[in-house]
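Student: Would you be able to build a 3D model of this:
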Amino acid sequence: MWRIRHGEIALERPIVVGILNVTPDSFSDGGRFVTVEAAVAQAERMVTEGADVIDIGGESTRPQGAVGVSPDEEIRRIVPVVRGVRARFADIPISVDTSKSHVASAAINEGANIINDVSAFRLDPRVREIAARVGAGVVLMHSRGTVDEMGTYRHAQYDGDVVSEAIAELRRALDTAMKAGVQKANIVLDPGIGFAKRSRHSLEVLASLERFAALGCAVMVGVSRKRFIGELSHVTAADERIAGTVGANVAALMRGARLFRVHDVAPNRQALDVAWGVLHPEQWERLGAVNGAEVPRSPFPGPRSQAQ
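Tutor: Model (predicted):
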């Protein structure tokens, strides 16, 4: 179980986290969902396609040209969308993608359940105090540098094993969060694919996800439409890297990841469910979906959660 504010998510199958960027400048979908109406419609589309969590972000960390925004601007972008998604879906877990305490607090007050901090509390230590106080679910992602640097190669220098260094830095973030009162059951770790990592670094990290899982928390990966997928598949346009994203996510599932942050919910939901069924056929049998029995849209139970 992953404990979140006002509930928990059962990690009994792959959990798909739908990306909802309400920014004008994100690397593959910037500007598409900047109105509340468009954002809520996209959330509804993702839920219909099988998203278990909606992750709302108001600040881009794109590889080139990312510029940090003020807390007030980020709140202006995020809070009305959190409010709109919560009004439309009473029970869907909502994650806010922010590294700012004021933004996290404002989103929590509107019904968010999870704080997804790409800096793992480096940039604003007060975020961990808010998470501890309200019992929010937390995602700690490995990164280096500021918001405008972390998607670049500026800090992608590793003395030896990138995996060992990333794990050591995440372990420090995990320990610091727990000392601040965040419960381990509330924490998910994200190795930060593409953040302060060249493509070969990201591949080495993905191949070693078991080592991240050994820290004792569930692992989330965010490979969706990333640069290394384009390099491997020779697909230039980010929004055409769907098949490559699916392949990377299935490989990550087999290496121990349980949560998958994606732009394109339907193909990833289907592929991950099928891969999980192959890995765990006993779950299909327990649900009676064999020998001609009716098969539901997804053969596995969704996350158990309760929102405000």
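
Student: Need the three-state assignment for Glu59.
Tutor: The three-state label given to Glu59 by DSSP: H, G, I helix; E, B strand; the rest coil is coil.

Student: gap between it and Val147?
Tutor: Distance of Glu59 to Val147, given as C-beta to C-beta, to the nearest Å: 6 Å. For every residue, glycine as well, the C-beta is placed using N, CA and C.

Student: what about those two, which has more around it?
Tutor: Ranked by neighbour count (other C-beta atoms under 10 Å), Glu59 and Val147 place Glu59 first, with 27 against 19.

Student: Tell me how far the residue positioned nearest the centre of the chain lies from Val103.
Tutor: The centroid of the chain falls nearest to Arg261 when counting by C-alpha atoms, centre = their mean (4.1 Å). Arg261 is 18 Å from Val103, where distance means C-beta to C-beta.

Student: and if you look at Pro71?
Tutor: 6 Å.

Student: Settle it for me: which of those two has more neighbours?
Tutor: Neighbours were counted for Pro71 and for Val103 using other C-beta under 10 Å; Val103 has more, 28 against 17.

Student: Quick check: the more buried one is in a helix.
Tutor: Yes: assessed with three-state DSSP, Val103 lies in a helix.

Student: Pull the contacting residues for it.
Tutor: 58, 71, 74-75, 78, 96 (C-beta atoms under 8 Å, 6 or more residues apart in numbering).

Student: rerun at 6 Å
Tutor: The contact partners of Val103, by C-beta atoms under 6 Å, 6 or more residues apart in numbering, come to 71, 74-75.

Student: picking that back up, what residues are up against the residue nearest to the centre of the chain?
Tutor: Applying C-beta under 6 Å, 6+ apart, we find Arg261 in contact with 17, 19, 222.

Student: number of nearby residues for the nearest residue to the second one once chain neighbours are set aside?
Tutor: The shortest distance from Ile19 to any residue other than its chain neighbours is 5.0 Å, reached at His263 (C-beta to C-beta, 6 or more residues apart in numbering). Each residue near His263 was counted by other C-beta under 10 Å, and the total is 22.
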